[in-house]
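S.K.: Let's see this in three dimensions:
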Amino acid sequence: MADKSAKWITALRDGVRRDCGDGWMVRGIGDGLVQRVQLTVRFDDGTRTSIILGAKAKNDPDFIPWAATSAGWIVNMSSEILQVMKEQGKGLAEAYEIVKQRKESGSGSELDWERLLRKFKSHKTNNSMKGARVWNRNYRTPIARTVLILTSNPGPTNGYTLLKTLVELHGGEPGSTSRRLRIQYAAEFLRFAFKNGANRRWLPPEDLKKFIGEKSADLHLGKHQCDSEL
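M.R.: Alright, predicted model coming up:
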């Protein structure tokens, strides 16, 4: 019962109805703690049709769980499905297949990362008076490098390989502040991309320590010696 009243579920359903209409409904289905996402559309004549969003196998990298982290993706996917239904006169399942075909690819170069970059920049700069300055100082270069890697040929195939390549090309000293921020900004962009329609495989790992690394013993020793001399 507690899950039914979760704030993220209420916000998600409100978002789907706002973008798609009152007849559009989402819920979690299946046994266990990890549920699938079911999208249902109720038409004016009272008939209904439903589909499962995301991969059906839970071990698939593109599986979409019924969880707060999937909310933005669900809203955007529902909106894209509705657009195809309206523009091409397709049913729910057929429209979903068309949307999936647009998104599914072996590399990130076929996704519109440039559009997502512009959207991310707008999101970061419009939320505060200092947004533009913060973007230029902190985000601009790391995100530009990230998108350059994503649009390369051949490019990375998921969030993990993207961050791995970013470290190889622009990593800096393991454990350094600049490297940590570079990885965190790239991971933030990937999460934003997922919320705005990118496949789940582009989500970064929860733990970024492997990419950030740790300072070497020599660096720690040098710092200790410097501290002793002060």
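
S.K.: Just give the closest residue to the residue nearest to the spatial centre of the chain, not the sequence neighbours.
M.R.: Central residue of the chain (CA atoms, centre = their mean): residue 194, 2.1 Å from the mean position. Nearest residue to residue 194, sequence neighbours excluded (CB to CB, 6 or more residues apart in numbering): residue 203, at 5.1 Å. Glycine gets a C-beta too; all of them are placed from N, C-alpha and C.

S.K.: Tell me the spacing between the one you found and residue 95.
M.R.: In this view, residue 203 and residue 95 are 24 Å apart by CB to CB, to the nearest Å.

S.K.: Likewise for residue 206?
M.R.: Here residue 206 is placed at a distance of 32 Å from residue 95 (CB to CB).

S.K.: Neighbour count for those two, which is higher?
M.R.: residue 95 (22 against 7; other CB atoms under 10 Å).

S.K.: do you know how far that one is from residue 119?
M.R.: Applying CB to CB, the value for residue 95 to residue 119 is 23 Å.

S.K.: do the same with residue 135
M.R.: 13 Å.

S.K.: Same check on residue 47?
M.R.: Using CB to CB, one obtains 35 Å as the distance from residue 47 to residue 119.

S.K.: of those two, who's got more company?
M.R.: Per other CB under 10 Å, whichever of residue 47 and residue 119 has more neighbours is residue 119, with 15 against 8.

S.K.: quick one: which helix or strand includes the more buried one?
M.R.: helix 113-125 (DSSP states H and E).

S.K.: Am I right that residue 20 is in contact with residue 77?
M.R.: No - under the criterion of CB atoms under 8 Å, residue 20 makes no contact with residue 77, lying 10.4 Å away.
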